[in-house]
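A.B. asks: Give me a 3D structure for the following:
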Amino acid sequence: MKLKFLGILLAMFLLVQAAVAAPFNANAKTKRIPAGTQFTLELLNQVTSTTTEGTEFSAILVTDQKEDDDVILPSGSLVRGTVKKIVPSKRLSKGAIVYLDFDHVVTPNGRQLPLSLSVIGRSDMTVDGGITTTKGYGDAVKQNWTKTKSIAKKATQWGIDSGDFWNGYGKILTVPTGAVGGGVGGGAYFVGDSVADLVRKGEEVNIEKGSKIEVILVDPIDVPVI
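C.D. replies: Numbers count the residues shown, from 1 in each chain. Modelled structure (predicted):
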């Protein structure tokens, strides 16, 4: 009786093992996502340059990856990675740099497939693929000039919006006043902040949770399909 009972337990154990091993069968049907495929990821964690190298983060695919109308990797598939390297911010407004390493993607059947992704399409990238804030003093000055133009534009718009008196003739006074004030204020900001940028450190990198990141697949991956 005991032998019969042990035989039943052994058979059940083998069935379970076979079921678990099925998704990992070398002969399982796979479909390839070729190198060069672009993904859009949404971060599930905040990533900053104030963390430590090796910190893990997660993201999800925003859209389905398909082939011949078959979904290979559905939207919502989990992608995991780590902060590979951090370069601290420096004087002359040189911002910190963060390098991301995407480790693997979790397939619908639970497999973890290694993958290699590179971040693309960002204006705040370094030439070697890092994400930064300001690339040095020249970049900081350009940002100051952009802010200066914004100050002047807002001041001029204030003059336009505030001149609706005397049947609109009030703009004769308010528009020049706003334009001159914006020019003087913007100029003072540009000079003052540009001088300060000579000695201040650049800003830290801060990629918020929920941010979208465009990436490209460096090596092809073969995904088991159900």
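A.B. asks: Would you mind measuring from the residue nearest to the spatial centre of the chain to Val119?
C.D. replies: Residue closest to the mean C-alpha point of the chain, counted by Cα atoms, centre = their mean, is Ile213 at 3.4 Å. Taking Cβ to Cβ, to the nearest Å as the measure, Ile213 falls 6 Å from Val119. C-betas here are computed from N, CA, C, even on glycine.
A.B. asks: Is the residue nearest to the centre of the chain in contact with Thr40, as I believe?
C.D. replies: Yes: the pair Ile213 / Thr40 is scored as a contact, 7.4 Å apart, by Cβ atoms under 8 Å.
A.B. asks: So what's the residue count around Ala188?
C.D. replies: 12 (other Cβ atoms under 10 Å).
A.B. asks: tell me the secondary structure for it?
C.D. replies: Using DSSP: H, G, I helix; E, B strand; the rest coil, the structure places Ala188 in helix.
A.B. asks: Quick check, pLDDT for it.
C.D. replies: pLDDT for Ala188: 70.
A.B. asks: Next up, the contacts around it.
C.D. replies: Under the criterion of Cβ atoms under 8 Å, 6 or more residues apart in numbering, Ala188 has no neighbours.
A.B. asks: Likewise for Lys29?
C.D. replies: 224-225.
A.B. asks: Check which element follows the worst-scoring helix or strand of the chain on mean pLDDT along the chain.
C.D. replies: For the chain, counting by mean pLDDT, DSSP states H and E, helix 2-21 ranks last in confidence among helices and strands (a mean of 44). Going down the chain from helix 2-21, the next helix or strand is strand 30-33, by DSSP states H and E.
A.B. asks: Extract the C-alpha trace of that next one and format it as PDB.
C.D. replies: This file holds the C-alpha atoms of strand 30-33, laid out as PDB (Å, rounded to 0.1, in the frame of the first residue of the first chain):
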ATOM      1  CA  THR A  30       9.800  31.600 -30.500                       C
ATOM      2  CA  LYS A  31       9.500  34.800 -32.400                       C
ATOM      3  CA  ARG A  32      12.400  37.200 -32.900                       C
ATOM      4  CA  ILE A  33      12.300  41.000 -32.200                       C
END
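A.B. asks: Next, count neighbours for the closest residue to the residue nearest to the centre of the chain other than its chain neighbours.
C.D. replies: Once flanking residues are discounted, Ile213 sits nearest to Leu41: 4.8 Å by Cβ to Cβ, 6 or more residues apart in numbering. Residues lying near Leu41 (other Cβ under 10 Å) number 23.
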